[in-house]
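# quick one: sequence plus predicted model below, questions after.
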Amino acid sequence: MNTFEHILCQFPEIGTVKEVAPLTSGIINQTYLVKTAEPASPDYILQCINHQVFTDVPLLQHNIELVTRHIRRKLEERGEKDIDWKVLRFVPSAAGATYFFDGESYWRVSVFIPDSVTQDAVTPESSYLVGLKFGEFEAMLADLPETLGETIPDFHNMEFRLRQLNDAVAADAAGRLHEVKSLVDDILRDAEEMCCAERLYREGKLPKRVCHCDTKVSNMLFDKEGNVLCVIDLDTTMPSFVFSDFGDFLRSAANTTREDDPDIEKVSFNQTIFEAFAKGYIESAKAFLTPCETELLPYAVALFPYMQAVRFLTDYINGDTYYRTDYPAHNLDRTRNQYKLYCEVQKAMPAMKQYIASLL
């Protein structure tokens, strides 16, 4: 019995398997398409969960079960048709859990949604659909009765990321601080402003929501006509500020170049992409957003390039111990790129505030 046979036989729902083929999408978990032999049987997605990144797999899967079950119930209450195309379904193992541990690795199986495709292109049209769908995703989970656990603790905690930077500066483990001291000073100058979300949360003025925390075009499925089917890649779904879903998408989508382009003159902020995404998001999310949340959506757009600049700079000072790098100054180029984007977003702040106000 080969490895896949041993794993798949732990999920009794799966019938006779015809083929197991690797899928190229996804950079954290190893993903495979399981094709079944019976024409009436569905195909499946098999994933080996990266438990170096997601260290508590039972918590991870419990989160996903709660989220998908709640969304399925909401779709049923709305009288939606073809629900199996609109929310993921994970298959229970023989032991009843939605994962199986083989002694070394954790595996899970979900039902493959046929005739579905992913997209990577960031256009005004796709950005609007992403905003609409992720806003709807948050809206459907706004009344989730159980609090989710943090699959990656402090993932989008700005205070935590700044503590990491300050620790790196104090240690100067790679002897690189002298190269970047002025950049460190520039970034830390805005530290208090960028930590306002955590302060408002402690003051009881800002709630945490169930957020996806990895918003991008490729994390949703479309049908062949371009209609959105459902949100996928739910591993980072956990409590966070809505800024996680709003700001993180625009950090990459509204940058006019890639995040590691060393030519920072190419970095600018695409207002058209911002407006398309914001329009879709507010259309579906405004029913539950508080005035504090909507007022701070432009702050969210600045927060995420700032946070990423802090993370890249921390890793550079530490000697490139976290992010994979292709050359010695790779993390430094990333830092300068993201800090330039942050500065461009700050220039666009009045226009963003005016546009969001027009949508409310």
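Good, I have the coordinates.
# in this protein, which residue is most central in space?
What sits nearest the mean C-alpha location of the chain, by Cα atoms, centre = their mean, is Asp214, with 0.6 Å.
# what about this structure, any weak spots by pLDDT?
When the per-residue scores of the chain are filtered using pLDDT under 70, the ranges that remain are 1-2, 24-28.
# what segments of the chain are helices?
3-8, 57-77, 124-141, 158-171, 177-189, 191-194, 196-202, 243-253, 271-285, 291-295, 297-318, 330-347, 349-359 (DSSP state H).
# just to revisit the earlier point, can you tell me how far the residue nearest to the centre of the chain sits from Phe134?
Taking Cβ to Cβ, to the nearest Å as the measure, Asp214 falls 10 Å from Phe134. Just so you know, the C-beta spots here come from the backbone N, C-alpha and C atoms, and that holds for glycine as well.
# same question for Asp245.
Looking at Asp245 against Phe134, where the rule is Cβ to Cβ, the gap reads 5 Å.
# now for those two: what residues contact both?
Both Asp245 and Phe134 are contacted by His212, Thr215, Tyr281, under the criterion Cβ atoms under 8 Å, 6 or more residues apart in numbering.
# buried subset of these as a PyMOL selection?
Typed into PyMOL, the next command selects the buried ones out of those (criterion: 16 or more other Cβ atoms under 10 Å):
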select buried, resi 212+215+281
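# nearest spatial neighbour of Tyr306, skipping sequence neighbours?
Here the nearest residue to Tyr306 in space, its sequence neighbours aside, is Tyr342; by Cβ to Cβ, 6 or more residues apart in numbering that works out to 4.6 Å.
# tally of neighbours for that neighbour?
For Tyr342, the count of nearby residues is 26 (other Cβ atoms under 10 Å).
# one more: Asn50?
Taking other Cβ under 10 Å as the neighbour definition, Asn50 ends up with a count of 17.
# cross-check the contact I'm expecting between it and Leu60.
No. The criterion here is Cβ atoms under 8 Å, and Asn50 misses it with Leu60 at 10.3 Å.
# count of residues packed around His62?
What His62 shows, counting by other Cβ under 10 Å, is a neighbour count of 18.
# check contacts around it.
Gly149.
# just Met238 next, same as before
Contacts of Met238 (Cβ under 8 Å, 6+ apart): Asn63, Leu148, Gly149, Glu150, Thr151, Ile152, Phe155, Val210, Cys211, Cys213.
# check what contacts stretch 81-95 and list those residues.
10-14, 44, 61, 64-65, 68, 71-72, 75-76, 80, 98-100, 108-111, 113, 116, 223, 229-230, 232, 234.
# same thing but 7 Å
With Cβ atoms under 7 Å, 6 or more residues apart in numbering as the contact definition, stretch 81-95 has outside contacts at 10-13, 44, 64-65, 68, 71-72, 75-76, 80, 98-100, 108-111, 113, 229-230, 232, 234.
# what does stretch 320-333 give?
Val180, Asp260, Pro262, Phe312, Asp315, Tyr316.
# tell me how far that stretch lies from the chain's centre.
For stretch 320-333, the distance from its own C-alpha centre to the chain's C-alpha centre is 22 Å (Cα atoms, centre = their mean, to the nearest Å).
# now do stretch 144-162
How far stretch 144-162 lies from its chain's middle: 12 Å, per Cα atoms, centre = their mean.
# buried stuff in that stretch?
The neighbour-count criterion (16+ other Cβ under 10 Å) identifies Leu144, Leu148, Glu150, Thr151, His156, Asn157, Met158, Arg161, Leu162 as the buried residues of stretch 144-162.
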